[in-house]
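>>> Please find the sequence and the predicted model below.
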Amino acid sequence: TRVPLPYTPRVLELFREPKNLGRIDDADAFAQAGSPACGDVISIYLRIRDGVIEDAKFESYGCAANIAAASVLTEIVKGKRLEEAWNIDWQQIADELGGLPPVKKHCSILAVGALRRAIRRYFGDNLPEWLPKDLTS
Ligand code: FES
Ligand code: FES
């Protein structure tokens, strides 16, 4: 039998009632990212006006930690400028969740990676100077 992972109450709550789950039709930015660690996939959709994220949604084929991380991330980025959103890191998201089990760090990294990919794709070849050119996430 498998021992249940020690998820925090916040993770379990967001797993049961995710925030911003779904897609944005005509999104200004979209990206999908997959985790090499587990094979899970997440999509991020952004509505952007004047460099500010007005709305953010996600679809996840990942685990509870990923769904909870994406919920928190999409909540946090709303109203933020793209540069601020870019600088959110996975640890910040894990902290918002009250912590993640070590084997579940990649679930937060996956959510942040998808957001960054969406932001980078939004700019295409016209990357602003705060955006690293050679990025692997
Ligand atoms: Fe894929 Fe968590 S390992 S759902
Ligand atoms: Fe894969 Fe959580 S185990 S995203």
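Looks like it arrived, so ask away. Numbers count the residues shown, from 1 in each chain. Ligands and ions are numbered 1, 2, ... in the order given.
>>> As a check, name the ranges of all helices in the protein.
9-16, 64-77, 82-86, 90-96, 105-123 (DSSP state H).
>>> Kindly report the residues of this protein close to ligand 1.
Counting by C-beta under 6 Å from any ligand atom, the residues of the chain close to ligand 1 are 38, 40, 62-63. Any C-beta I mention is one placed from the backbone N, CA and C, and that applies to glycine too.
>>> ranking those by neighbours, who comes first?
Gly62 (23 neighbours; other C-beta atoms under 10 Å).
>>> Name the nearest residue to that one, sequence neighbours excluded.
Asp40 (3.6 Å; C-beta to C-beta, 6 or more residues apart in numbering).
>>> before we move on, back to that, can you redo the helices of the chain as JSON lines with mean neighbour count and mean pLDDT?
Formatted as JSON lines, the helices of the chain follow (neighbours: other C-beta atoms under 10 Å; pLDDT from 0 to 100):
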{"stretch": "helix 9-16", "mean neighbour count": "16", "mean pLDDT": "96"}
{"stretch": "helix 64-77", "mean neighbour count": "25", "mean pLDDT": "97"}
{"stretch": "helix 82-86", "mean neighbour count": "18", "mean pLDDT": "98"}
{"stretch": "helix 90-96", "mean neighbour count": "18", "mean pLDDT": "97"}
{"stretch": "helix 105-123", "mean neighbour count": "22", "mean pLDDT": "96"}
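>>> Minimum distance to Ala31: which of these has it?
helix 105-123 (3.8 Å; C-beta to C-beta).
>>> Against which helices or strands is that closest one packed?
strand 29-34, strand 41-49, strand 52-60, helix 64-77, helix 82-86, helix 90-96 (3 or more C-beta pairs under 8 Å, 6 or more residues apart in numbering; DSSP states H and E).
>>> so which of these gets nearest ligand 2?
helix 64-77 (3.6 Å; C-beta to the nearest ligand atom).
>>> Pop out the phi and psi values for Gly62.
phi -120, psi -160 (degrees, to the nearest 10).
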